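Student: The sequence and its predicted three-dimensional model are supplied below.
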Amino acid sequence: MDSHEVLRRVFGYDSFRGDQSEIVEHVIAGGDALVLMPTGGGKSLCYQIPSLVREGVGVVVSPLIALMQDQVDALRHLGVRAGFLNSTQDPGERAMVEAEFLAGELDLLYLAPERLRVEQTVRLLERGKIALFAIDEAHCVSQWGHDFRPDYLALSHLHERWPDVPRIALTATATKTTHEEIAERLKLGAARHFVASFDRPNIQYRIVPKNEPKKQLLELLRNEHAGDAGIVYCLSRNSVEKTAEFLEQNGVRALPYHAGLDSGTRARNQSRFLREDGLVMVATIAFGMGIDKPDVRFVAHLDLPKSVEGYYQETGRAGRDGLPSTAWLAYGLQDVVQQRKMIDDSEGDQQHRRRLIAHLEAMLALCETVECRRVQLLEYFGQTGVPCGNCDTCLVPPETWDGTVPAQKVLSTIYRLRSERRQKFGAGQSIDILLGRKTAKVIQFDHDGLSVFGIGTELNESGWRGVVRQLLAQGLLAVEGEYSTLALTPASEEVLYQGRKVLMRREAERAAKVKTAKPKKGEAVDLPAEAAPVFERLRAWRAAQAKEQGVPAYVIFHDATLRQIAATAPGTLAELGTVNGVGENKLAKYGQQILDTLAS
């Protein structure tokens, strides 16, 4: 079969999207490729179809050991002969897959990168016929990226051992620098590079001031995402546990996931999240890469991500099916202080710290912008965009105000504490001084005698914390030392003595005004009112099938496919076969059951 026939007969789609066709044909012809394409853009087809067209087995290198079984199950449901080799298998299981590979009975073989360090695996591959090497999640090769995996560095040797086998490296997240690093480290400089738009128009980006974040999250879920599947990211294991417990106590089905849990619990929780509807996974960033669950309706962050790349990668796990989804982040002063301190305490040389600071400053700029967040995200990845009308700053534009005088008051307070008295304090003490509060700590250090004591009553504590946060974000304040004390920067002098103006965001009650946008035309099949019950019957049938077979529901059919079936109500197998996502194997396996469900 040629590529278009494989697309139609195996995967059930009539046409390729974007650059898919060009990528597929290039790899089929034996060319190397480096593909940057957003989550949900169809990266997998770019190596799966060439693997089915070319002679031999497509070898897919992936770090996602915990997901390989589901990936292979999904392919087998399409009639594709797929297998995997990783550390979760016993010797008998590995031997069976190896025999299938050598006998030419596989189309695709998934490997964890560390397997290629094992000489036995290399000898196995040398005895078989390889159609291509696909290096998935290729950003893992970047040592300065957000998800570096040392085993990926060894993948540069693939071309030396198999010079005639085409390679395709793929990632959903890469700045210009990361893009260049992938090409260099994987020796793909001569490969053809394909860069799709990173825009995810169905995701609504929202960043709110942090104020009791667990309660803010609960309000979001109750008001907008009741019963929806979603992911909540927290920075620490303790925060993950407490947040999951809080959600459970308030009627939201939630599971924890972090590296401190035993592997069995992590595997069970991940499996439940993939297989059950409406579960919320509360996790550290250890969770989520490669998650193929298409109906994740929201991704929430209760702590500031360390980089824009990490933020984009994590929020991209929402809305893979093209339906409206939310990327929500609660962000506050303590996030900035904590991240600055983590950078100061990090291992590595000065260059490493400068990179971390640059990542943080880009993330802070995204949080503090008064412009379209989507435009700023795209610009970070070297792409252009226009105001989207579907992020919080577009829907309810924030106001700016002249914060020069408040900034001078904060900086003057810190100057007096450090230069006059040789004392170092965090934000809380400076704010108490400005508000004229005679706390025990203020009295203990005679800070009520400072000339700045009580000069800041025009703002409340929340207002002053916002001022300090924005000064940190703009580089007009620094955090240093073990106790996260505030210090002036060279730029502080420009504000104190050289008349530099400081503009700040005014955080009005904007969150309640931001409405979830509807999907853009063509991104999903709109269901007529009379088709909604049919869709629910199809979902119930799919749930029963998934439970019986022990696979996630989307392995049977995606929601988008069921919506189209419900909306068009095909009456014959031939008509059903024209629906996107219904390939020949699924038509033969499930076609009559679907027609019976429609008839009922």
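Tutor: Now that the structure is in, tell me what you want to look at. Computed from a predicted model, the values in this text were never measured in an experiment.
Student: Do you have the strands of the stretch 451-600 of the chain handy? List them.
Tutor: When assigned using DSSP state E, counting those that start in this stretch, the strands of the stretch 451-600 of the chain occupy the ranges 477-480, 485-488, 503-506.
Student: Who are the packing partners of the second one?
Tutor: On a contact count with 3 or more C-beta pairs under 8 Å, 6 or more residues apart in numbering; DSSP states H and E, strand 485-488 meets helix 404-415, strand 477-480. Where you see a C-beta, it was placed from the backbone N, CA and C, and this is true even at glycine.
Student: how about 10 Å then?
Tutor: When contacts are defined as 3 or more C-beta pairs under 10 Å, 6 or more residues apart in numbering; DSSP states H and E, strand 485-488 packs onto helix 333-345, helix 404-415, helix 427-435, helix 461-473, strand 477-480.
Student: Which of these sits closest to residue 498?
Tutor: Judged by C-beta to C-beta, the one of these that comes nearest to residue 498 is helix 404-415, at 11.4 Å.
Student: now the angle from the closest one to helix 427-435?
Tutor: Using axes from the mean of the first three to the mean of the last three C-alpha atoms, to 10 degrees, one finds that helix 404-415 and helix 427-435 are set 120 degrees apart in direction.
Student: pLDDT on helix 404-415, on average?
Tutor: Averaged across helix 404-415, pLDDT comes to 94.
Student: where does the chain have low pLDDT?
Tutor: Residues of the chain meeting the criterion pLDDT under 70: 144-146, 290, 481-484, 507-526.
Student: cutoff 80 now
Tutor: Low-confidence regions of the chain, defined by pLDDT under 80, span residues 66, 143-147, 286, 288-292, 341, 344-352, 419-423, 479-484, 506-527.
Student: Please report how far the one residue sitting closest to the centre of it lies from residue 305.
Tutor: What sits nearest the mean C-alpha location of the chain, by C-alpha atoms, centre = their mean, is residue 314, with 1.5 Å. With the distance defined as C-beta to C-beta, to the nearest Å, residue 314 ends up 7 Å from residue 305.
Student: can you check residue 216 too?
Tutor: Following C-beta to C-beta, the distance that separates residue 216 from residue 305 is 17 Å.
Student: okay, the two: which has more neighbours?
Tutor: Residue environment comparison for residue 216 versus residue 305 gives the larger neighbour count to residue 305, 26 against 18, counting by other C-beta atoms under 10 Å.
Student: Got the phi and psi for the more buried one?
Tutor: The main-chain torsion angles of residue 305 are listed as degrees, to the nearest 10 and equal phi -60, psi 160.
Student: For the remainder of this discussion, apply numbering that starts at 53.
Tutor: With 53 as the first residue, the last one maps to residue 357.
Student: Please report how far it lies from residue 381.
Tutor: Distance, residue 357 to residue 381, using C-beta to C-beta: 8 Å.
Student: So for those two, which residues contact both of them?
Tutor: When contacts are counted by C-beta atoms under 10 Å, 6 or more residues apart in numbering, the set common to residue 357 and residue 381 consists of 285, 363, 366-367, 387, 415, 418-419.
Student: In TSV: those, plus distance to residue 193 and secondary structure.
Tutor: Below are the shared contacts of residue 357 and residue 381 laid out as TSV (distance: C-beta to C-beta, whole Å; DSSP: H, G, I helix; E, B strand; the rest coil):
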residue	distance to residue 193	secondary structure
285	23	strand
363	20	helix
366	19	helix
367	22	helix
387	29	helix
415	22	helix
418	25	helix
419	28	helix
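Student: which one of the residues you listed sits closest to residue 203?
Tutor: residue 366 (22.0 Å).
Student: Provide a list of residues in contact with the closest one.
Tutor: For residue 366, the contacting residues are 198, 225, 283, 285, 335, 337, 339-341, 351-353, 357, 379, 381, by C-beta under 10 Å, 6+ apart.
Student: how about a cut-off of 7 Å?
Tutor: Under the criterion of C-beta atoms under 7 Å, 6 or more residues apart in numbering, the contact partners of residue 366 comprise 285, 337, 340, 351, 357.
Student: And residue 348, by the same measure?
Tutor: For residue 348, the residues meeting the contact criterion (C-beta under 7 Å, 6+ apart) are 281-283, 369-372, 377.
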